[in-house]
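>>> Okay, sequence plus prediction incoming.
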Amino acid sequence: TDQNTASMVIHVSTTGSDSTGDGSEANPFATIQKGIDSSSEGDTVVISEGVYYEEIDAGNRVLTIGSLFMFDNSNESIIENTILDGENSHKLFHFSNAQVSLIGLTMKNGYAPSWGGAIGGYLGDLTIRNCRFTENFAGNSGGVMNMNGSNLIISNSVFYNNSSVRASVINVGNSTTSTERTINVSIKESVFRANTGEGRGAINVWGSDTTLINNCEFIENISGRYGGGLIVHDTKYLEIDSCTIKDNKSLRGGGGGLNIWSIDGGIISNSIFSGNIVMDTTETDTFRGGGIHLWADATLTIRNCTITNNTAPLAGAIAIKHNSHCTIVNSIIWGNGSTNQIGIYDDLFDEDTTSTLDISFSNLQYGIDSIFVDEMSYIDGYDESSMLNSSPLFCNPDSGDYTLAENSPCVGTGENGTNMGAFGVGCG
């Protein structure tokens, strides 16, 4: 074991030995669990390339577990070849009150009959960087991970073809008895693709203080009920920035791309919602909001977003419901399939008061006539002088290119002379 610093580096290899190894680079352990059991606070367990079929308990430790990618971060083949495989029979990681970082690993075929197919955590902090997750399954919730009372940071990771009954990839929130526990979720530069669940989208974040989702892609995910791409609820502050949320599907219930509720405040900016679908079912009160669904008690600003080619039986682009309040600025809402582009509703709960919309400096197909407003709701602001109803002249929407032609009416006509939508000029 390397001991030239206060913390140690412990080596693991499929060619090592738990009985005769000492965790050094020359004489590694054979299992990750042995490396963890031999660690102290702040140590790093380095895993050599190979396949490891373990169910690992990190306990309450403070440590980093990662592949050789940590020392050669230009070689992504190391990630692909350092594999934790649950063999469709067991979970991969457990931890409780721990501070763990997982770096440069592929985790696949994790299985749990209930919560968290690959990872299960209670309290503590989990950081995931440059990891790949595929073919993990949970019988209840969190096909990849279920985290309760834990802070979560994810970056540069890929989640593909995972599944669960609820939240096909991540279920994270706070149902602990500690009212002083602060829960922060940050997910950036990551891809969620082709994950499938019976409900609650690819990720379900709840009970958090802050939820930040930046530079991520949610593509071709399917939810049997609500939030085809993702769901965030009971959160004090939500930020979604520079994300692509496209071609997701909710088979029943609103929000083909995104479904939110009980959000004290938040902003979606510089993001595109396209090709998301809410399927047509007999549940006429729920199939709304092809792109975005503010289901209840959500306060949200949508700024510099492009919301196009989404479909729902009602409110093809955005549904605003049950005491929710939405402000839209500098955005393009165009070509969404429904009787209306935007719908504002308060017609279900006895405690409903009113939902509102304030929209300005945006290009809305069919203008104010494309907004449905029920008798309990109202348009708080519609700035006729700054609103457009003209083809945005996307460069090549058939191939998913929603940048603007240089002669687009959305160029330079946004607030303070900026462009409308998520993208700038992309063609002549």
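Looks like it arrived, so ask away.

>>> mind listing what's buried in the helix or strand hosting Tyr237?
Tyr237 belongs to strand 230-241 when assigned by DSSP states H and E. Buried residues in strand 230-241, defined by neighbour count with 16 or more other C-beta atoms under 10 Å: Leu230, Ile231, Val232, His233, Asp234, Thr235, Lys236, Leu238, Ile240, Asp241. Glycine gets a C-beta too; all of them are placed from N, C-alpha and C.

>>> Among these, which pair sits farthest apart?
Spatially, the most separated pair among those is Asp234 and Asp241, at 20.9 Å (C-beta to C-beta).

>>> Distance to Asn162 added to the buried residues of strand 230-241, as CSV?
Below are those laid out as CSV (distance: C-beta to C-beta, whole Å):
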residue, distance to Asn162
Leu230, 14
Ile231, 16
Val232, 19
His233, 21
Asp234, 24
Thr235, 23
Lys236, 28
Leu238, 23
Ile240, 21
Asp241, 24
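
>>> Can you tell me which of the residues you listed is nearest Ile292?
Distances from Ile292 to the buried residues of strand 230-241, taken by C-beta to C-beta, are shortest for Ile240, at 9.8 Å.

>>> who does the closest one bridge with?
Ile240 forms beta bridges with Ile213, Ile268, as assigned by DSSP bridges.

>>> now Val12
Beta-bridge partners, per DSSP bridges, of Val12: Phe29, Ile47.

>>> cool, and Tyr160?
Thr134, Arg193.

>>> Run a quick neighbour tally on it.
18 (other C-beta atoms under 10 Å).

>>> pretty sure Gly139 is touching Ser164, no?
Yes. Assessed by C-beta atoms under 8 Å, Gly139 is found in contact with Ser164 at 7.4 Å.

>>> Between those two, which is the more surrounded one?
A count of neighbours by other C-beta under 10 Å puts Ser164 above the other of Gly139 and Ser164, at 32 against 14.

>>> Show residues contacting stretch 156-164.
The contact list for stretch 156-164, computed with C-beta atoms under 8 Å, 6 or more residues apart in numbering, reads 117, 128-144, 168-171, 188-198, 202.

>>> In strands, which of the residues you listed appear?
Of the contacts of stretch 156-164, the ones assigned to strands by DSSP state E are 128-129, 132-134, 137-141, 170-171, 188, 191-193, 196-198.

>>> Taking those, please make a PyMOL selection of just the buried ones.
Applying 16+ other C-beta under 10 Å to the ones in strands among the contacts of stretch 156-164 leaves a buried subset, and the PyMOL line that selects it is:
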select buried, resi 128+129+132+133+134+137+138+140+141+170+171+188+192+193+196+197+198
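
>>> For Ile119, name its beta-bridge partners.
Phe93, Met145.

>>> Might one say that it is in contact with Thr127?
No. Using C-beta under 8 Å, Ile119 makes no contact with Thr127, being 12.0 Å away.

>>> Now do the contacts for Ile203.
Going by C-beta under 8 Å, 6+ apart, Ile203 touches Ala167, Val169, Ile170, Asn171, Val172, Ile187, Phe192, Leu230, Ile231.

>>> What separation do you get for it and Ser163?
13 Å (C-beta to C-beta, to the nearest Å).

>>> Ok, Leu212 next?
For Leu212 relative to Ser163 (C-beta to C-beta), the value is 26 Å.

>>> And for Ser324?
30 Å.

>>> With Val278 instead?
On the measure of C-beta to C-beta, Val278 and Ser163 end up 20 Å apart.

>>> Please identify the helix or strand for Thr15.
Per DSSP H and E, there is no helix or strand for Thr15.

>>> Next, count neighbours for it.
9.

>>> show me the contacts for Gly209.
Quick fix: residue 209 is Asp, not Gly. Neighbours of Asp209 in contact, by C-beta under 8 Å, 6+ apart: Thr182, Ile183, Asn184, Thr235, Lys236, Tyr237.

>>> Quick check, Phe95 in contact with Asn60.
Yes. Contact criterion C-beta under 8 Å: Phe95 and Asn60 qualify, at 7.4 Å.

>>> more crowded one of the two?
Shown here are Phe95 and Asn60; by other C-beta under 10 Å, Phe95 has more neighbours (25 against 14).

>>> what helix or strand is the more buried one on?
Per DSSP H and E: strand 93-96 holds Phe95.

>>> Show me what the next helix or strand after that strand pairs with in its sheet, parallel or antiparallel.
The helix or strand immediately downstream of strand 93-96 is strand 99-103, counting by DSSP H and E. Strand partners for strand 99-103, identified by DSSP bridges, are recorded as strand 62-67 (parallel), strand 125-129 (parallel).

>>> neighbouring contacts of the longest one?
I take that to be strand 62-67. Strand 62-67 has contacts (C-beta under 8 Å, 6+ apart) with 32, 36, 39, 41-49, 58, 70, 78-79, 82, 98-105.

>>> repeat that for 7 Å
When contacts are defined by C-beta atoms under 7 Å, 6 or more residues apart in numbering, strand 62-67 is touched by residues 32, 36, 39, 41-47, 78-79, 82, 98-105.

>>> now do the last one
Contacts made with strand 125-129 from outside it, assessed by C-beta under 7 Å, 6+ apart, are listed as 99-103, 147, 150-157.

>>> re earlier: neighbour count winner among Val278 and Ser163?
Set Val278 next to Ser163 and count neighbours by other C-beta under 10 Å: Val278 wins out with 35 against 19.

>>> and the gap between the residue lying closest to that one once chain neighbours are set aside and Lys249?
Among residues not flanking Val278 along the chain, Ala312 sits closest, at 3.8 Å (C-beta to C-beta, 6 or more residues apart in numbering). According to C-beta to C-beta, Ala312 stands 11 Å off from Lys249.
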